[in-house]
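Visitor: Fold the following.
(chains A, B and C)
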Amino acid sequence: VTRVITLLTDFGLSDTYVAQMKGVILAINPQAVVVDLTHEVRPQAVRQGAFLLETAVGAFPPDTVHVAVVDPGVGTARRALAVRAGDRWFVGPDNGLLSAALPPTARPAPAEAAGGGAVPPVPVLLPEGIRAVELRNPRLRREPVSATFHGRDVFAPAAAHLTRGVGLDQFGPAVATLLAFPPFRARPGPDGRIHGRVVSIDRFGNVITDVRAEDLPDRIVAWCRGREVRGPVRTYAEARGIAAVVGSAGLLEIAAPGGSAAALLGVALDEEVLVVPARDGA
Amino acid sequence: VTRVITLLTDFGLSDTYVAQMKGVILAINPQAVVVDLTHEVRPQAVRQGAFLLETAVGAFPPDTVHVAVVDPGVGTARRALAVRAGDRWFVGPDNGLLSAALPPTARPAPAEAAGGGAVPPVPVLLPEGIRAVELRNPRLRREPVSATFHGRDVFAPAAAHLTRGVGLDQFGPAVATLLAFPPFRARPGPDGRIHGRVVSIDRFGNVITDVRAEDLPDRIVAWCRGREVRGPVRTYAEARGIAAVVGSAGLLEIAAPGGSAAALLGVALDEEVLVVPARDGA
Amino acid sequence: VTRVITLLTDFGLSDTYVAQMKGVILAINPQAVVVDLTHEVRPQAVRQGAFLLETAVGAFPPDTVHVAVVDPGVGTARRALAVRAGDRWFVGPDNGLLSAALPPTARPAPAEAAGGGAVPPVPVLLPEGIRAVELRNPRLRREPVSATFHGRDVFAPAAAHLTRGVGLDQFGPAVATLLAFPPFRARPGPDGRIHGRVVSIDRFGNVITDVRAEDLPDRIVAWCRGREVRGPVRTYAEARGIAAVVGSAGLLEIAAPGGSAAALLGVALDEEVLVVPARDGA
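Guide: Predicted structure coming up:
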């Protein structure tokens, strides 16, 4: 059992919501070590939260408990879950946010949503080896449970109890499905073209796509907002002007040396990025 | 004795002021666990800091040391205090920021300030069971004490020593009074109307008032900036348009589904919110 | 050996880059205590990062490992270093960011750059007692090393291993030089005038200069953006209008009571501040 609990929310850091979750955790397990993944998910942007969670968990030690709270449906009938997946724990609302608990192959087919429209999560039967329960046991919550802050009253206590070794079946009834988003990975077409999308824009203005490094030919041309971008270069420093680079999550990024590629291109989340193999001399 | 120390300041996170406080704490007590309440209090907004502190401390384990530094008078004759109140410790300047150390009944009557004007803190005799001392012992400070950064040189060391079990009387002479703000709770009038005020606006744009859930009838109409707002609904998701909801601090909030009620209403801190019982059919 | 590791980066807190570094650290040393110095260094502003690092390390306990990552050259031939300097450890890229590892006397002469132009770091031979190595040992990295995120794959692992007592020579070959910036201290001229520069602007809008308190006469007049500023006053509260004050880093600051001196003066980083002794009656 690890003592590490991570928190990902859309709460920001101006209020004390995140701190209250930590207080509750430390009251239950004084040995817990809490790490903020990020609290700057756009308010109620569940899918963005799912992406950020998925790309961060790989850095953490086995048995880390990942708590995620981007939860427009707090207090409604949406389920509150704890999930055991491989050697990781996930705790949060059942709204797609915990998609990372499922292997990409178990998740819905990549969405064909045109125009960057909203992609809803769909229910997925839990594959063998992944277990999930509803957080219903009042003795493992903070009572009375506020209808508007399950982060503090339901999810934080569950995470803290998990790090103390409380068994999954103690929390409530098992569930058979989990809502999940399609994997954040564009599928290459038979012609070698990849229709990708912008899945994140980081602080540096790097435009992160869902095009995976292993699907790339040696030399590519990416089309983004009508601009042609070449690459991949190996490092940000090698970019001369806007260039494509394989980022630290194994995803194709568009970067600009010393500036924001997102600002230069005027690109936003969910926009399309078309990747084609570069031809000699092209 | 707990090892938990919380920090609330107006220092922001762009500079290293908060980190320097943590370094000083860990140099004195390597076992200390430091939790950020928030560092985004508006610069020198003592009363906002007092509110945020008061609504957060309930989530923390007994004996937690709450350090708060919003301190326009740093280096002047304003007193630097450590306070024992119930099973909590408070450390900070004596300027109203530590109002949460006093029970609401011991605090000044709610202010009648018109127009959202500044409400000054007033001195309150410490009630039985609450003790406070001035932080004067040079051996329990970081010397030389900077005239501009008592957070690092006076308050952080005091908190760290408290978590090591140093007795309150070791820090300096007892004081008999504490500056305190009126409680953040609007008083219902004899006609059932409640003249509340906006005490906080959170990241989601939820407008948090000082109207307490226990003072509310079943159905209300709130007037804010000339707009009529109905409720309370039980969850944010149930709001159809702008609605009133009881938030996680037990205070009436005005929320907008998927958006910022504060922006939609154009409301700011300290503005008035009038709450009246809803009549049938009204 | 301490367990304390500090992190200073330009990663911001909206992405999970900082969290991934912490995950890697905790996977190697579950006992590590990680403190954020700041992650709001302007993107790729190496010199600003060097200043913030230098002014923060003094608050931390002996043997703290200070990791700094502002690294436009990540993945290129720039060296990745661990440095032992006095009772501190530094880990980061060799691009001037780790200037604080060197005593001011060992660093290049203060720059005479006109117009606030960029000041490049220059190579400095390590003085006696300071040792540095290149981080080359693949067993003490996170493999495969991303070409774009050495913070996670090279620097965080090195710091974690240092707190477990791994010897400096285990990481790679010794280096003889370190790139360093001139000290952040303006030199008084023979006429008593000091040509200083703005080295930081904090959240309060305090304008922090590289003029050191020990070089100041009792009464000064500072010229900044054509405005005359008098002081030093002892505390921010004593300022009547814009005034000079000695800040917590021992540097001359220009402050405005209840407001932002930087905004009032329209001052930016690197601008000149001329300090002259005040004459009686002047």
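
Visitor: Show me what the helix or strand containing residue A:178 is packed against.
Guide: Using DSSP states H and E, residue A:178 sits within strand A:177-180. Contact here means 3 or more C-beta pairs under 8 Å, 6 or more residues apart in numbering or on different chains; DSSP states H and E; on that basis strand A:177-180 packs against strand A:122-125. Using the backbone N, CA and C atoms, a C-beta is placed for each residue, glycine as well.

Visitor: May I see the buried residues of the helix or strand following the strand it packs on?
Guide: Towards the C-terminus, the helix or strand next in line after strand A:122-125, according to DSSP H and E, is strand A:130-134. For strand A:130-134, the neighbour count (16 or more other C-beta atoms under 10 Å in any protein chain shown) marks A:130, A:132, A:133 as buried.

Visitor: try stretch A:69-76
Guide: Counting neighbours by 16+ other C-beta under 10 Å, the buried set in stretch A:69-76 is A:69, A:70, A:71, A:72, A:73, A:74, A:75.

Visitor: Now that residue A:16 has come up, it's in contact with residue B:36, right?
Guide: No. With contact taken as C-beta atoms under 8 Å, residue A:16 and residue B:36 are classed as non-touching, separated by 9.1 Å.

Visitor: Name the residues contacting each of those two.
Guide: residue B:8 (C-beta atoms under 8 Å, 6 or more residues apart in numbering or on different chains).

Visitor: Farthest pair within the buried residues of stretch A:69-76?
Guide: Farthest-apart pair in the buried residues of stretch A:69-76 is A:70 and A:75; separation 14.5 Å (C-beta to C-beta).

Visitor: Show me where the stretch 51-200 of chain A has its helices.
Guide: A:150, A:156-163 (DSSP state H, counting those that start in this stretch).

Visitor: Rebuild those as JSON lines, extending it with distance to chain B, mean pLDDT and mean neighbour count.
Guide: JSON lines is the format used below for the helices of the stretch 51-200 of chain A (distance: least, C-beta to the nearest C-beta, whole Å; pLDDT from 0 to 100; neighbours: other C-beta atoms under 10 Å in any protein chain shown):
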{"stretch": "helix A:150", "distance to chain B": "9", "mean pLDDT": "97", "mean neighbour count": "26"}
{"stretch": "helix A:156-163", "distance to chain B": "9", "mean pLDDT": "98", "mean neighbour count": "27"}
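
Visitor: What residue, apart from its backbone neighbours, is nearest residue A:265 spatially?
Guide: Counting by C-beta to C-beta, 6 or more residues apart in numbering or on different chains, the nearest residue to residue A:265 once its immediate chain neighbours are dropped is residue A:225, at 4.8 Å.

Visitor: which stretches of the stretch 101-250 of chain A have low pLDDT?
Guide: By pLDDT under 70, the low-scoring segments of the stretch 101-250 of chain A are A:111-117.

Visitor: how many neighbours does the residue in it that chain B sits nearest to have?
Guide: Across the stretch 101-250 of chain A, the shortest distance to chain B (C-beta to the nearest C-beta) belongs to residue A:149, at 3.4 Å. Residue crowding around residue A:149 was assessed by other C-beta atoms under 10 Å in any protein chain shown; the count is 23.

Visitor: List the residues that contact it.
Guide: Residue A:149 is in contact with A:17, A:20, A:74, B:247, B:248, counting by C-beta under 8 Å, 6+ apart.

Visitor: helices or strands next to the host helix or strand of residue A:5 in the packing?
Guide: With secondary structure defined by DSSP H and E, residue A:5 is part of strand A:4-9. The contact analysis (3+ C-beta pairs under 8 Å, 6+ apart) places strand A:4-9 against helix A:17-28, strand A:33-38, helix A:46-56, strand A:65-69, helix A:156-163, helix C:17-28.

Visitor: now check the third one, is it near chain C?
Guide: Yes. Looking at helix A:46-56 against chain C by C-beta under 8 Å from any C-beta of the partner chain, the contacts come from A:52, A:55, A:56.

Visitor: Neighbour-wise, give me the winner out of these.
Guide: Most neighbours among the residues of helix A:46-56 next to chain C, by other C-beta under 10 Å: residue A:52, with 26 neighbours.

Visitor: ok, now which ones touch that residue?
Guide: Going by C-beta under 8 Å, 6+ apart, residue A:52 touches A:8, A:37, A:38, A:41, A:200, C:15, C:16.

Visitor: got the contact list for the fifth one?
Guide: Applying C-beta under 8 Å, 6+ apart, one finds that residue A:200 lies in contact with A:48, A:51, A:52, A:55, A:208, A:269, C:15.

Visitor: Adding distance to residue B:140, write those out as CSV.
Guide: Formatted as CSV, the entries for the contacts of residue A:200 read as follows, by distance: C-beta to C-beta, whole Å:
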residue, distance to residue B:140
A:48, 46
A:51, 48
A:52, 42
A:55, 45
A:208, 49
A:269, 51
C:15, 40
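
Visitor: Quick check: of the residues you listed, which lies closest to residue B:187?
Guide: Proximity of those to residue B:187 was ranked by C-beta to C-beta; the top entry is residue A:48 with 42.5 Å.

Visitor: Compute the distance between the closest one and residue C:14, please.
Guide: Applying C-beta to C-beta, to the nearest Å, one obtains 10 Å for the distance of residue A:48 from residue C:14.

Visitor: Same question for residue A:239.
Guide: 22 Å.

Visitor: Residue A:26 too?
Guide: Counting by C-beta to C-beta, the gap from residue A:26 to residue C:14 is 25 Å.

Visitor: Looking at these two, which is more packed in?
Guide: Set side by side, residue A:26 and residue C:14 give different neighbour counts by other C-beta under 10 Å, the larger being at residue A:26 (24 against 18).

Visitor: Now do the same contact list for the more buried one.
Guide: With contacts defined as C-beta under 8 Å, 6+ apart, residue A:26 is in contact with A:32, A:34, A:160, B:4, B:33, B:35, B:60, B:61.

Visitor: go on, residue A:103?
Guide: Contacts were defined as C-beta under 8 Å, 6+ apart; by that measure residue A:103 touches residue A:127.

Visitor: Looking at the contacts of residue A:149, which two lie furthest apart in space?
Guide: Among those, the pair separated by the greatest distance (C-beta to C-beta) is A:20 and A:74, at 14.3 Å.

Visitor: Please name the spatially closest residue to residue A:125 (chain neighbours excluded).
Guide: Closest residue to residue A:125 apart from its sequence neighbours, by C-beta to C-beta, 6+ apart: residue A:177 at 5.6 Å.
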